[in-house]
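> Quick one, fold the following:
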Amino acid sequence: MIMQEVTWDDFDTFVKTGSVIVIPVGSTEQHGLHLPLGVDAIISYELARRFAEKSNSLVAPVISWGYKPQPGSSGGSDFPGTCSLDGGTLTALVRDFVRDLIRHGVRRIIILDGHYENSLFLNEGVDLALRDSGHPSGVSVAIVRWFDLIKPEEYEEIFSNFEGIALEHAANMETAMMLYLRPELVKKDKIKGDSAKRYPPYTVLPPTKDLIPGSGVLTKIKTVNAAQGERMAGLVVSRLLDLMRVEFK
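Residues are numbered from 1 along each chain as shown. Predicted coordinates:
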């Protein structure tokens, strides 16, 4: 199920049986004082692996580098350890990877993203890969952010008084998910919410310090636990199975 762990002939067998290839995508960026830099990549990879177990899919190498985090959604780029790609670089990386998968006969691809800012560059990379490949018949690529697969009412049920995903960077969603998927990486004694002094409805570059929370966490964190993460993970895997049935006929 893990592309790096199979031989070339095993990979060829997967392709010939019409298996789905899942490409997890994330970033390397700050996630507060309690979560590791690789949260976005870790969550995407772990969810992709769980989906693969239920769908006989193959998980591609995770893309652990993402587009530059923005102050109002990820806390900005100035925190130590945050390392990002220019938009053109991420686009080219996805373009090359998807184009080669298509060249090898892959026809069904899911790109599972965990970093809010990646979206347009993933779309562009796939669009260019399809164009480069001559839009071969039967190829279908679904690009999905895992957190978009959970409905607002489900978030409300899980967290109660949920304020929406816009300011959830390093907060309730990701903390609960990491407590379930990789609890050994969570510094439980340092879980603490935060907020910027202001969140204007526009972008300011370079960002001023009042636009960025001191800890990197964008909102308050309530009582979170692994059970909430398990519930979210189950919903995501279920929705990915639905996606496969609907989009990859």
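
> Mind jotting down where the strands sit in this structure?
Listed in chain order, the strands of the chain (DSSP state E) span 21-25, 58-59, 108-113, 140-145.

> looking at these, which is buried most?
Per-stretch averages of neighbours, counted by mean count of other CB atoms under 10 Å, single out strand 21-25 among these, with a mean of 27. Using the backbone N, CA and C atoms, a C-beta is placed for each residue, glycine as well.

> what helices or strands is that strand leaning on?
helix 39-55, strand 58-59, helix 87-103, strand 108-113 (3 or more CB pairs under 8 Å, 6 or more residues apart in numbering; DSSP states H and E).

> What sits closest to Tyr67 if chain neighbours are left out?
Setting aside the residues directly before and after it, Tyr67 is nearest to Glu117 in space (CB to CB, 6 or more residues apart in numbering), at 4.4 Å.

> And His169, by the same measure?
Spatially, and ignoring its direct neighbours in sequence, His169 is nearest to Leu218 (4.5 Å; CB to CB, 6+ apart).

> phi, psi of that neighbour?
phi -90, psi -10 (degrees, to the nearest 10).

> Pull the contacting residues for it.
Counting by CB atoms under 8 Å, 6 or more residues apart in numbering, Leu218 touches Gly72, Ser73, Ser74, Gly75, Leu167, Glu168, His169, Ala170, Ala171, Asp194, Ser195, Ala196.

> Could you dump the strands of the chain into TSV with mean pLDDT added?
Shown next, in TSV, are the strands of the chain (pLDDT from 0 to 100):
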stretch	mean pLDDT
strand 21-25	98
strand 58-59	98
strand 108-113	98
strand 140-145	98
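
> Same list (those strands) but as a markdown table, adding distance to Thr13.
Shown next, in a markdown table, are the strands of the chain (distance: least, CB to CB, whole Å):
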| stretch | distance to Thr13 |
| --- | --- |
| strand 21-25 | 13 |
| strand 58-59 | 10 |
| strand 108-113 | 15 |
| strand 140-145 | 20 |
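
> between those strands, which gets nearest to Glu230?
Closest approach to Glu230 among the strands of the chain (CB to CB): strand 108-113, 17.9 Å.

> Name the residues of the longest helix seen in the chain that are buried.
For the chain, the helix with the greatest residue count under DSSP state H is helix 226-247. Across helix 226-247, burial judged by 16 or more other CB atoms under 10 Å covers 226, 228-229, 231-233, 235-237, 239-240, 243-244.

> out of the helices and strands packed on strand 21-25, nearest to Arg182?
When those are compared by CB to CB, helix 39-55 sits nearest Arg182, at 5.8 Å.

> Can you name every helix or strand that that closest one contacts?
Counting contacts by 3+ CB pairs under 8 Å, 6+ apart, helix 39-55 packs against strand 21-25, strand 58-59, strand 108-113, helix 172-181, helix 226-247.
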